[in-house]
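# Sharing a sequence plus its predicted fold:
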Amino acid sequence: MTAALWTLVALPALTGAALLVGGRRADAVAAPCAVASAVVGLALGVVVAATRPAAAVPALAGIPAGLAVDGLSAVMVVSVTAVVLAVVLFAAGELGPDEARARFFGFMSLFAAAMLVTVTATGLLVLLAAWEVMGAVSYALIGYWWRESGRVGSAGTAFLTTRAGDLGLYLAAGAALAGGAGALQLSGLAGMEGPWRDAAVAGVVLAALGKSAQLPFSFWLSHAMAGPSPVSALLHSATMVAAGGYLLVRVEPALAATGWAGPLVAWAGVATAVLLGVVALAQSDLKQLLAASTCAQIGFVVLGAGAGGVAGASLQFTAHAAAKSLLFLCAGAWLVTLGARDLEGLRGAARRHPVVGIAFTAGALAVAGVPPTGIWAAKDVVLASALRSSPALYVLGLVAAALAAGYAAKALVAVWAPPLPRSRRRSEGHEEHEGHDGDVHRGAPMAGRATEEPSPGQVPSSGRVSSSPQEPSSAQVSFPAEEQSSARASRWGRPPLSGPLLALAVGAVGLGVLALPGAAQWWRTLLDVPGEHGPAGWEMAVSALVSVTVLLGAGLVFARSSARAGAPARGEAERSAEPVGGEGARTRGEDGNGRDASSGAGLRQGAHAVSALRAHPVGRWAGDWLGLERLVRGVVVRPAMALARALAAVDDRVIAVGARTGAESVLTTARGLSSFDDRVVAGAVRAGARLGLAAADTIRDRVEAAADRSVGAVASAARTAAAWALRPQTGLLHQYYAQAVVAILVLATVFVLMR
Amino acid sequence: MLSVAVFLPLLAGLVLLALPRPRESLVAWTWVTVAALDLALVIALWARYPAAAGRESGAVGAFAYETHLRWIPSVGAGYHIGVDGLSLPLLAMTAVLFLACAVYSLRQRRRTRAHAVLFLFLQTVSLGLFSALDLLLFFVFFDLSIVGMYFVIAGWGHGRAARSALQFFLYTFLGSLALLLGFLGLYLAADPHTFDIVELTRRPPLEDGGPAAGLVLLAIGLGLAIKTPTVPFHTWLPPAHTDAPAVGSAILAGVLLKMGTYGFVRVAMPILPGAWREYAMVLVVVGVVSVLYGALVALAQTDFKRMVAYTSVNHMGYIVLGLGAAGLATADGARAAALAVTGSVTQMVSHGLLTGALFLLAGTLHDRGGTYRMASYGGLAGTMPLLAALTSVAAFGSLGLPGLSGFIAEFQIFTGSLSFVPVPAAIAFLGILITAALYLRALQQLFTGDRRIPEHARTDDLSARELVSITPLVVLSVVIGVFPRFLLDLVEPASRALVALVIR
């Protein structure tokens, strides 16, 4: 069965590589190839999950490249292949035919391969390789629409942030080798001793927190939104972000062995779950809300890993993968059909596309942790392990659960709220989009987009904290291109592909079945942790109560403020038929990113409760993703750039000058030597020639003409000699130098021989 | 057979010189043919290496294809060449790179014959250096490479080529003088006096260390450090690269820089093990400073080619770090030390391929737009997708992405070094983060965003000639990145033998 394992990872890798090499010529076959590869991948995933093969080949000296499937990997492989299939199927229907489909599906396949290698790797070498490839491919996917520099900048921010974390894995690999885990096996980490084990575990934790966008790395996930929605769906659910959570679960024994790493990880997880929950609540852009909620939900995985709850963390991984990929696909569907991603623009979206709406609702209820969904079951297991570890962790975990219910309610209210009249019309046809609603700017032709889109330098106009001007990368500048480019695919009016959505919805809800005691025991056996305890009955009741209460309460609040906002807006929309014009883009650019509390037009219609929250400094801080990016730019990026420039200046001036001074002194010496050469040596030669001539003259005067010819010969020989003597004096310094070297060489040789 | 591989290019060059007024295309194609033939010879050497080296392949002084002729018997210098696992990969990389340059230069119409002959000469010199087993022979090739490259930069460069060439020449020649002094020191210390590397390795002179050993290592180290180059001896590099022609830069960075690092593993480490152990920390520090300094200065560059040139300083820093760390190993750390040395040798090959590719790509950019200034370009991925794709792959390889050769090298260096010098090695990790930042910046500027090109620039994508010359370099890097065993099988026994020499 090792063949199945190798095929599982090689098939998507080769499919991806072939599509990428094929380039635009492969556009037509890209989607079918990727879908076929994903279908086979899911089948193989099930096969390896059942058969549990292991395989290894030699890689570096004493460090094999091994893949293996155990219980945890089995869960991961099936989750990943299932989500990949759903996302690829959906993307095959959504991505416009004019797009570079081969590049898109090629990178998606490569990405899937990297994640599959990550979750089956047995050693740090293979893990690190797949881990970094995944980061680089995510760069290519986030920057998919490369014509917009801002998106590529966002991709760069995401890649660099995660790579900063990746350095931890290099540390871990080196420490493992030094500490005696010579084959760099992940299972060997726990058995190491002393400071090397601490270093290795610290490295792994750093890498995992970076990849999973836990605090303090969370901000890169906001940038990751610059990619197409299917990319977000894949990136945020079963891959990339989830990989960090997986790794922590994988090395849980090592975390526990150190004594300090478990609590550290648990607290990082719960802090992220709470704080990013607040961030999610403060967002007014659906994709940003979902991104923040990803951090928060993966926080539960991290919490579980830190608190020693492998079963709960794995379940949370899987349940979240299903729910979050579903939510992003729904958001993507609306983005394509309605052209909106901010919550205001999405008013009534669920009513317009009931299938998408119902799927979205299922996903949102799961994220809210409402029974009997998968995340409800998972969260309870995680919280149970947290409670055993520390009551404070448990309470904060409940707070995070409440926040999750809150932001889920916010999203649900937005999409089910009665649509504003103009939003309804807006979605009818493309022409309508030329009219501006003040909240959503749509329909600018592609050519005009570049000018209308707020450039990064302009964005921070209204007193908002500026992002660095030389780094045009604020992902929170919203990008109309996705709507645009997908809109050109003229999918208007066509219902989004519902199959994958419904399948994921069934998964997101149906995983709740694992809350049943028998199923829970089966799950623990599957993961090889039969001894772990599940939640007590009262714990499940408490968390269910919290989720449902908060969901209903927050839903009520949001619904009321939404209705309040709707009424005046409706009147205003009827009053002001004249377009707001270019303001639209600007307003959207700011409002859409949820950072600017003071922008006018968008917020007029915004939920009042939210605007009150966002006007508050804390709200603004949360809307700005805790200001983490600004902090990093201020504390790391800018000083590093300044240092680089300073060093470059030093390099140009000081060190080069030092070398030049040295060279100049050599030149001066050489010049001195050469003039000595010209005057004295050559002079002597010339004098000799002249002497010869003079002598010849004398002799000619004295001797008969018979001797004359021979004297002439001597003179000409002397002239030739003089000419030869002058030949080395070419005036080229390096040749003088070379002569000097030859002379030194000769002298050295003589010295050696005479000795 | 090794001698044939070494001197075939020179012979072909002489024949070309002897021909009365050959047509330019004939010259160009002859060059390509000879380079291809030479590559085939080196591949044959590689293929037959296990048989030729026999079971001793990992032992001290076990060289394959040895030729040992009398040359200057009175000073104990002979024509002694041979290869082992440290030199064969470099020979192969050299042959590949020269072939790439030959193909790239097919349309070169500026003094075509002199150009081809000069490169054929340089190829013989480079192959000769990597197979030399005699210090004097090594030194002769070392010096001739400088002379050859001087004429390449001065004759076919652009910008202030003459000035940069002169600076390059003077600076590196000074280094070679220091190297010569060191070699003389070794000669005098050996008993009986000899320049033979195998002899000196077998019975290292100055084994007891002491000031004499330190001074000799200082002289040799200085000479090699200037050639490598490490901070602070690197200032000849950026101007030389900026003004050199594309093929000149590719050879300079790809092959000539390796002469410095190869000198460390062939001469400094095995012949002066005691001094190497004593001063290993100095090398580690120099390595780490080069890593960070090279990366940071590269980050601040606005000129693409100059930026790539500075990343060479960064990449050479990893090598010096790995070799220095191996000097601090104790007997039970032999495995980690061998890993670091293997990584360093892999890095030499990897850097040759990737930086060679990047410099050739920079050349194609310059051919079209007439400048290396990154701000002059933008959105090129639209009109030049092949250029964008190849540059991206090469750049990601250079920043150490797994799946390409750079990762195989850097992972081994980092993992191996951390055991001995945890703090410096961990600081050096930052190098791969900074190189990632600078390459992403460059890619974003050149290829994405709104289209921007200099006036009168051509916007055609890579031609077949350019593709054929550059693609194999990148593909080879991927092959090494994904299937490294074929290379490591060759390098690992040699690094183990080297480490055994150093830590004894």
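The structure has been received and is ready for your questions.

# lowest-confidence helix or strand of chain A?
The helix or strand of chain A with the poorest confidence is helix A:446-452; it has a mean of 32 (mean pLDDT, DSSP states H and E).

# element containing the residue lying closest to A:Arg719 once chain neighbours are set aside, please.
Leaving out its chain neighbours, the residue that sits closest to A:Arg719 by CB to CB, 6 or more residues apart in numbering or on different chains is A:Ala689, at 5.8 Å. For the C-beta atoms, the positions are set from N, CA and C on the backbone; glycine is no exception. Per DSSP states H and E: A:Ala689 is located in helix A:682-702.

# mind listing the strands in the stretch 151-300 of chain B by residue range?
For the stretch 151-300 of chain B, no strands are identified by DSSP state E, counting those that start in this stretch.

# An error on my part: the question was meant for chain B.
B:64-72, B:77-83 (DSSP state E).

# Quick check: which of the ones you listed is nearest to B:Gly214?
strand B:77-83 (24.9 Å; CB to CB).

# burial of the residue nearest to A:Leu247 when sequence neighbours are not counted, as a residue count?
Nearest non-adjacent residue to A:Leu247, counting by CB to CB, 6+ apart: A:Ala208, 4.5 Å away. Applying other CB atoms under 10 Å in any protein chain shown, we find 30 other residues in the vicinity of A:Ala208.

# and what of the one 10 residues further on?
By other CB under 10 Å, 27 other residues sit near A:Ser218.

# from chain A, which residue is nearest to chain B?
Residue of chain A nearest chain B, by CB to the nearest CB: A:Gly174 (2.8 Å).

# So for that residue, what's the pLDDT?
What the model reports for A:Gly174 is a pLDDT of 93.

# for A:Ala663, same thing?
You'll see A:Ala663 listed with a pLDDT of 66.

# try B:Glu466
94.

# ok, now which ones touch the closest residue in space to it that isn't next to it in sequence?
If the residues on either side of it in the chain are set aside, B:Glu466 comes closest to B:Thr364, at 5.3 Å by CB to CB, 6+ apart. Residues counted as contacts of B:Thr364 (CB atoms under 8 Å, 6 or more residues apart in numbering or on different chains) are B:246, B:387, B:462, B:466, B:470.

# Out of the residues you listed, who's the most crowded?
Neighbour count (other CB under 10 Å) singles out B:Ile470 as the most crowded of the contacts of B:Thr364, with 28 neighbours.

# Can you name the residues that contact it?
If you count contacts by CB under 8 Å, 6+ apart, B:Ile470 has them with B:100, B:104, B:357, B:360-361, B:364, B:390, B:462.

# one more time with 6 Å, if that's ok
B:Ile470 is in contact with B:357, B:360, B:390, counting by CB atoms under 6 Å, 6 or more residues apart in numbering or on different chains.

# what about it, distance to chain A?
Distance from B:Ile470 to chain A, counting by CB to the nearest CB, to the nearest Å: 15 Å.

# With B:Ala494 instead?
Plainly put, B:Ala494 is 12 Å away from chain A if you go by CB to the nearest CB.

# For the closest residue to that residue other than its chain neighbours, give its distance to chain A.
Leaving out its chain neighbours, the residue that sits closest to B:Ala494 by CB to CB, 6+ apart is B:Gly85, at 3.0 Å. Distance, B:Gly85 to chain A, by CB to the nearest CB: 12 Å.

# By average pLDDT, which secondary structure element in chain B comes out worst?
For chain B, counting by mean pLDDT, DSSP H and E, that's helix B:49-53 with a mean of 82.

# how about the residues of chain B that lie near chain A?
Residues of chain B lying close to chain A (CB under 6 Å from any CB of the partner chain) are B:75, B:169-170, B:232, B:235, B:296-297, B:299-300, B:336, B:381, B:401-403, B:414-415, B:418-419, B:429, B:433, B:436-437, B:440, B:444, B:448-449, B:492.

# Can you turn the buried part of those into a ChimeraX selection?
Here is the ChimeraX command that selects the buried residues among the residues of chain B next to chain A (16 or more other CB atoms under 10 Å in any protein chain shown):
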select /B:75,169,170,232,235,296,297,299,300,336,381,401,402,403,414,415,418,419,429,433,436,437,440,444,448,449,492
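
# my guess is A:Met192 meets A:Gly182, correct?
No - the pair A:Met192 and A:Gly182 fails to qualify as a contact (CB atoms under 6 Å) at a distance of 10.5 Å.

# So for the two, which residue has more residues nearby?
Here A:Met192 and A:Gly182 are compared on neighbour count by other CB under 10 Å; more neighbours surround A:Met192, at 22 against 16.

# need the helices for the stretch 51-200 of chain A, in chain order.
A:71-94, A:101-120, A:124-142, A:149-179, A:194-211 (DSSP state H, counting those that start in this stretch).

# Quick check: pLDDT value at B:Val231.
85.

# What separation do you get for it and B:Val313?
7 Å (CB to CB, to the nearest Å).

# Show me the common contact partners of the two, please.
B:Ser290.

# which of these two has more neighbours?
More crowded of B:Val231 and B:Val313, by other CB under 10 Å: B:Val313, with 27 against 24.

# tell me, how many neighbours does residue 87 end up with?
Picked chain A for this. Residues near A:Val87, counting by other CB under 10 Å, number 30.

# try again with chain B
Taking other CB under 10 Å as the criterion, the count of residues near B:Ser87 is 25.
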